[in-house]
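Colleague: Output the structure for:
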Amino acid sequence: GAGMKKGNILQSFKSKKFKYGGYATLITVIVIAAVIVVNLVSDRIPLRIDLTQNQLYTLSEQTEDVLKNLKDDVTIYYVGEQSSVSPVVKEIVQRYTKNSKHIHTDYIDPVRDPLTAKKYTKEGESLASGSLVVEKGEVYRVIDQYDMINYTQSQSGGMQPESLAVEQRLTSAILFVGGSEMPVAYVLEGHSETPLDSNAKKQMELENFDVKELNLLGQEGVPDDADLLIVNSPQKDLSKEEAEALKEYMENQGRALFMMDVLLDDLSNFQEVFRNYGIELSNTLILEGEQGKYAGGNPLYLVPDFADHDIVNPIKTSKMPLLIPGGQAIRTLEDKRNTLTVQPLLTTSDKSFGRKADSKESSAERQASDEAGPFDLAVAVEDQVYNLAANETYTTRMVVIGNSGFLGAGFEGGSNLFMNSLNWIFEREDSITIRPKSLTVQPLSITEMQVRIYGALALVVIPAIVLIAGLVVWLRRRHL
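Modeller: Numbering: from 1, shown residues only. Model prediction:
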């Protein structure tokens, strides 16, 4: 009987059932071993993949360029105890150190080492835990932890985090301590202008613009140190002298951003400056006739299309919301100098129509007296003139936006349009890519057709595949 049993056991090792069972066990052992090896190896590999929806930790091309061009050592200090550093901030800073051997990190603890902390505090202020200090040589900039996140007011009145601005603040500080240029931006006054939105001003200072006010009355002209000029929603016209001063400034490689709201009066001196550059304000209010191209059920609250231009391409790519509350069309003149290039930035649909500012008509439907769209709501103008005396080409750049309310509308597309325009005007295009990373997760938008397809997949196709696979396995096992 023993030989018989032995034969049975040997036979069972050769059976199909054992082979299948053995394969299954072997595969299980291999998979477990592979998982252990991958875990051990992955801890040793410095590869980090950013799987967040808004790429919160991925550095922009511009930051990578700034780091590539770093020639001197820059230290980023975490303020506070090592255990209190925000993991989000630490993750982003680590990506800076990985990109450049010139970036070093260290800690300053104001509690244990008040003397070191004192070096980085201005009169009457203290160095708060959670901040960062960026230093090169004797120059430093402090980034407050509350400046690393932008907040918006929620409907309940509280403040809620809207976007993450760590990279933006850090790269700006690295450029600043590295002695990068501080262009002087003058904001025009004296024509009942709307004061510049405080967030926009803060954003400018962050991107190393020096912001000053300018009243041209009684001045010889635009000051020599002006790198660019901002005109925000004037309600009154320029005087003849001011228009001359402005024209002279523009002709001498001037740089300007105009945000012009619809008015009942035609600002003829402003218009003269614009016509000199191949464009004019239409003084017509645009109404949008296409669903989805206006917001809140109001055809005056325009949701524009983006043209193809450095200023708006990043806004388009990142799908940032932008609202133009009450825009006017900017017309390009047929008859203009051949040195001028006028490019649209924002456009309306061909169902839009323009109504004269002084019209008594109140219907939201298109009337016979209305002008047919599409329209340009913002344009970028470049004038390249060869200057014989200087033996070089003089470049003038300006952006004209037929609205100023987009800045205060609270959408990130608005502040990006403003900052990208300034950086393009100043020919600092490499600054166009860094903006705060949105912390709001966009809901997945799917069409009715997709709903049907996914529904059929979940309810019919996948269960059918599982059922068929089960039947096949069962039938094969029956014959073992």
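Colleague: Do a quick rundown of the strands in the stretch 301-450 of the chain.
Modeller: With DSSP state E, counting those that start in this stretch as the criterion, the stretch 301-450 of the chain has strands at 301-302, 305-306, 324-325, 328-332, 340-347, 353-356, 371-372, 376-387, 392-401, 437-438.
Colleague: Each with direction, which strands does the strand or helix carrying N283 pair with?
Modeller: If you go by DSSP states H and E, N283 is part of strand 279-287. Note on strand 279-287: by DSSP bridges, its sheet partners are strand 328-332 (antiparallel), strand 353-356 (antiparallel).
Colleague: Dump these to TSV, plus mean pLDDT and distance to I76.
Modeller: Glycine gets a C-beta too; all of them are placed from N, C-alpha and C. As requested, these are arranged in TSV below (pLDDT from 0 to 100; distance: least, Cβ to Cβ, whole Å):
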stretch	mean pLDDT	distance to I76
strand 328-332	96	43
strand 353-356	91	51
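Colleague: export these to JSON lines and tack on distance to V385?
Modeller: Shown next, in JSON lines, are these (distance: least, Cβ to Cβ, whole Å):
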{"stretch": "strand 328-332", "distance to V385": "19"}
{"stretch": "strand 353-356", "distance to V385": "32"}
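Colleague: looking at those, which is closest to L345?
Modeller: Across the strands paired with strand 279-287, the minimum distance to L345, taken as Cβ to Cβ, is reached by strand 328-332, at 9.3 Å.
Colleague: Going by neighbour count, list what's buried in the closest one.
Modeller: Buried positions in strand 328-332, judged by neighbour count with 16 or more other Cβ atoms under 10 Å: 328-331.
Colleague: What of stretch 418-431?
Modeller: 418-426, 428, 431.
Colleague: and which of the buried residues of strand 328-332 is nearest to N69?
Modeller: For the buried residues of strand 328-332, the closest approach to N69 (Cβ to Cβ) belongs to I330, at 36.9 Å.
Colleague: Contacts only, for that closest one.
Modeller: 279-282, 375-379, 400-402 (Cβ atoms under 8 Å, 6 or more residues apart in numbering).
Colleague: Reformat the residues you listed as CSV; add distance to E138 and neighbour count.
Modeller: Below are the contacts of I330 laid out as CSV (distance: Cβ to Cβ, whole Å; neighbours: other Cβ atoms under 10 Å):
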residue, distance to E138, neighbour count
I279, 47, 23
E280, 51, 18
L281, 49, 23
S282, 53, 19
F375, 53, 27
D376, 48, 24
L377, 47, 25
A378, 42, 29
V379, 44, 26
V400, 42, 25
I401, 40, 26
G402, 46, 30
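Colleague: I'd like the residues you listed laid out as CSV, including distance to F270 and pLDDT.
Modeller: Formatted as CSV, those follow (distance: Cβ to Cβ, whole Å; pLDDT from 0 to 100):
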residue, distance to F270, pLDDT
I279, 11, 97
E280, 10, 96
L281, 7, 96
S282, 13, 94
F375, 19, 96
D376, 17, 97
L377, 17, 97
A378, 16, 98
V379, 15, 98
V400, 10, 98
I401, 14, 98
G402, 13, 97
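Colleague: And those, which is closest to K356?
Modeller: Distances from K356 to those, taken as Cβ to Cβ, are shortest for S282 (8.9 Å).
Colleague: From V400, how far out is the closest one?
Modeller: Distance, S282 to V400, using Cβ to Cβ, to the nearest Å: 11 Å.
Colleague: what's the answer for L257, then?
Modeller: L257 is 8 Å from V400, by Cβ to Cβ.
Colleague: can you pull out the helices in the stretch 151-300 of the chain?
Modeller: Counting by DSSP state H, counting those that start in this stretch, the segments of the stretch 151-300 of the chain that form helices are 166-177, 198-206, 240-251, 268-275.
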